[in-house]
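Undergrad: Requesting a structural model of the entry that follows:
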Amino acid sequence: MLHRLLRFYNYYLSNDREFARRLHNLLGFTPANLDIFRTAFSHRSNGGSNGKEGYALQNNERLEYLGDAVLGTIVAEYLFKKYPNADEGFLTKMRSKIVKRKALNAIGDKMGLDVLLNEHSNTRLSRSMYGNAVEALVGAVYLDLGYHGTKRFVVREILQKLVDVEQLEQYDDNYKSQLLEWCQKHGKTVSYKLIARYKYEKRDRFKVAVLVDGKKIATADDFNKKSAEQIASGKALDKLGIRKPEPVDA
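TA: Here you go, the predicted model:
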């Protein structure tokens, strides 16, 4: 009952009703706790405050952590029910395709999260921030609605509207596997080398090279070493002219 009153107040009477109504259009409901959603769009570069009416905010990293876990669980349950005869390997690959960074960045872009990120973060936006914001947003929804309400939101507003699961089913996005298969078929070796490890925005970032028969073919940077290897492998596939076409907005 209290949450219903807060949602009504936020939408019709609050000084922040414009923000509440924008969230309603984005989420399909009006949140009871608007501060959580401000935090979801507050990048770590803000230094703990968004500068509005004295609100002291954390950045959205903690919400990313929570949202990542909740989103992974919801997607796993969704796929488990959608593919009742699929084995564990197929379900794991499908979940990875949906929750991988590139896919979440595309989802965040489609949701128009860049506008809210611009308003609540004091930094130049990068595309990787879109996916982080999706996870943080799911975390905020979870704190506001609980698991079942969050599941309804993720399934209706994300999986059914913004993800073409059938198209992803036919797409192989494991670039390392594709490259290894091609090298084995042509009698070549493939290996990876860590070129550099450095700090970027207070986080470790890795630069990796992929080598075919000992020759460097491509390099890539990312916050995760395995992810950097995947990106470098994708670039190598492009240079070798063997990369399989990706689905639109993958």
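Undergrad: Break down the chain into its strands, ranges please.
TA: With DSSP state E as the criterion, the chain has strands at 190-200, 203-212, 215-222.
Undergrad: Remind me what the lowest-mean-pLDDT helix or strand in the chain packs against, helices and strands.
TA: Lowest on mean pLDDT, DSSP states H and E among the helices and strands of the chain sits helix 165-169, with a mean of 88. Applying 3 or more CB pairs under 8 Å, 6 or more residues apart in numbering; DSSP states H and E, one finds that helix 165-169 contacts helix 88-99. Any C-beta I mention is one placed from the backbone N, CA and C, and that applies to glycine too.
Undergrad: Which parts of the helix it packs on count as buried, going by neighbours?
TA: Within helix 88-99, the residues that count as buried by 16 or more other CB atoms under 10 Å are 91, 93-95, 97-99.
Undergrad: and that helix, C-alpha only, in CSV?
TA: Written as CSV, here are the backbone C-alpha positions of helix 88-99 (Å, rounded to 0.1, in the frame of the first residue of the first chain):
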residue,chain,number,x,y,z
GLU,A,88,23.1,-27.1,-20.7
GLY,A,89,25.7,-26.2,-23.3
PHE,A,90,23.1,-24.6,-25.7
LEU,A,91,21.4,-22.7,-22.9
THR,A,92,24.7,-21.4,-21.6
LYS,A,93,25.7,-20.1,-25.1
MET,A,94,22.3,-18.4,-25.6
ARG,A,95,22.5,-16.7,-22.2
SER,A,96,26.0,-15.5,-23.0
LYS,A,97,24.8,-14.0,-26.3
ILE,A,98,22.1,-12.0,-24.6
VAL,A,99,24.0,-10.7,-21.6
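Undergrad: pLDDT on that helix, on average?
TA: The average pLDDT for helix 88-99 rounds to 93.
Undergrad: if we can go back for a sec, export the buried residues of helix 88-99 to CSV and tack on distance to residue 111?
TA: Shown next, in CSV, are those (distance: CB to CB, whole Å):
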residue, distance to residue 111
91, 25
93, 24
94, 21
95, 20
97, 18
98, 15
99, 15
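Undergrad: out of those, what pair is the most spread apart?
TA: 91 and 99 (12.4 Å; CB to CB).
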